[in-house]
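>>> Sequence and predicted structure are below.
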Amino acid sequence: SLTENRIQLLNKVNFGSEDRRIQSWDRTYMELVSFVKEFGHARVPYQFPQNPSLGIWVDTQRRSYRKYLKGDTSSGITEYRIQLLNKVGFEWECRNSP
């Protein structure tokens, strides 16, 4: 069986990775905000040479949102994140880029 010390160590590792994941989402969200300020919209193309990971992240948010709408709790998206994305004019349905 696990000792109390091992349980605490495992919890610390898990909490640390969750914190990094949250920080990563926030950092990429701020990159999206910068994109919106520069281009006037939040339609980041999937293949965006200036910031390839941003296009992939936007696609991931759309997929997570679709899962969320179906009640899939593994989607990883929250009401708060949805509100933040809506605030910058995020388009949940992929449309042709301008």
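Right, received. Where do you want to start?
>>> what helix or strand is the residue nearest the centre of the chain on?
Taking C-alpha atoms, centre = their mean, the centroid of the chain lies closest to W25, which sits 4.7 Å from it. Assigned by DSSP states H and E, W25 falls within helix 4-39.
>>> tell me how far the helix or strand that that helix is followed by is from the chain's mean position?
Where DSSP H and E defines the elements, the next helix or strand beyond helix 4-39 is helix 52-69. Chain-centre distance of helix 52-69: 7 Å, with C-alpha atoms, centre = their mean, to the nearest Å.
>>> Quick one: list the elements packing against helix 52-69.
In terms of contacts (3 or more C-beta pairs under 8 Å, 6 or more residues apart in numbering; DSSP states H and E), helix 52-69 is packed against helix 4-39, helix 79-87. All C-beta spots, glycine's among them, are computed from the backbone N, C-alpha and C.
>>> which of these has the lowest average pLDDT?
The minimum mean pLDDT among the helices and strands packed on helix 52-69 belongs to helix 4-39 (a mean of 75).
>>> who touches stretch 25-43?
Where contact means C-beta atoms under 8 Å, 6 or more residues apart in numbering, the residues beyond stretch 25-43 that reach it are 44, 51, 53-54, 57-58, 81, 84-85, 88-91, 95, 97-98.
>>> Specify which member of the residues you listed is nearest to S75.
R81 (10.1 Å; C-beta to C-beta).
>>> how near is the nearest residue to that closest one once chain neighbours are set aside to G40?
Excluding its sequence neighbours, the residue lying closest to R81 (C-beta to C-beta, 6 or more residues apart in numbering) is W25, at 7.1 Å. Distance from W25 to G40, counting by C-beta to C-beta, to the nearest Å: 23 Å.
>>> likewise L84?
According to C-beta to C-beta, L84 stands 18 Å off from G40.
>>> neighbour-wise, which of these two wins?
Neighbours of L84 and G40, each counted by other C-beta atoms under 10 Å, are more numerous for L84; the result is 16 against 10.
>>> Who are the contact partners of Y65?
S75, I77, I82, W92.
>>> Assign a three-state SS to W92, would you?
What DSSP: H, G, I helix; E, B strand; the rest coil gives for W92 is coil.
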